[in-house]
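Asks: 3D, please:
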Amino acid sequence: MSTVSKDRIDVRISKEQKEFVKYASELRGFKNLSEFVVYCINTEANNIVKDNNLIVKTLEDKKIFLNAILNPPSPNERLKRAQLNYKKFKETNGFKNNDARK
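Replies: Numbers count the residues shown, from 1 in each chain. Presented below is the predicted three-dimensional model:
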C-alpha cells in the first residue's frame, strides 16, 4: 500500500495501546505501524459508510423513511381484511391473548 502522504493525523495513545497495535500490525505483515493504522481506519470508515447506506441511500430516502414511521398511512381495506383473517386463524387454532408463540 504505497500512497503519497499529503496530510497528517496525530493521535495520542498509551504506550501499552501502541505496543498492542504494533503487535497486531506485525501479525498481519504490515511494513510499519502507519501503514496498518491507515489500512484500519480506511476499512472501518468504509464499513461505516456502507452500513449507513445499506437501507437508505440518500438524505431524501431517509426523510421518506422517517416520515413513513412517524406518519403511517391509515389501513386500507386489504390490510383490515388481513387482520380479520389473522384473528379468525388464531381463534380457529386455539391461540389466545394475542400471543401466537404460546
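
Asks: so residue 94, which of the three states?
Replies: Look at residue 94: counting by DSSP: H, G, I helix; E, B strand; the rest coil, its state is coil.

Asks: that one - how many residues pack around it?
Replies: Residue 94: 7 surrounding residues under other C-beta atoms under 10 Å. C-beta: built from backbone N, CA, C; applies to glycine.

Asks: and it, what pLDDT?
Replies: If you check residue 94, the pLDDT there is 84.

Asks: with the one 3 residues further on instead?
Replies: Confidence per residue is given as pLDDT, and for residue 97 that number is 64.

Asks: hey, which helix is longest across the protein?
Replies: Counting by DSSP state H, the longest helix found in the chain is helix 33-55.

Asks: who touches that helix?
Replies: For helix 33-55, the surrounding residues in contact (C-beta atoms under 8 Å, 6 or more residues apart in numbering) are 1, 3, 11, 18, 21-22, 24-25, 28, 30, 65.

Asks: ok, residue 47 to residue 62 distance?
Replies: 19 Å (C-beta to C-beta, to the nearest Å).

Asks: compare the two and say which is more crowded by neighbours.
Replies: Set residue 47 next to residue 62 and count neighbours by other C-beta under 10 Å: residue 62 wins out with 13 against 10.
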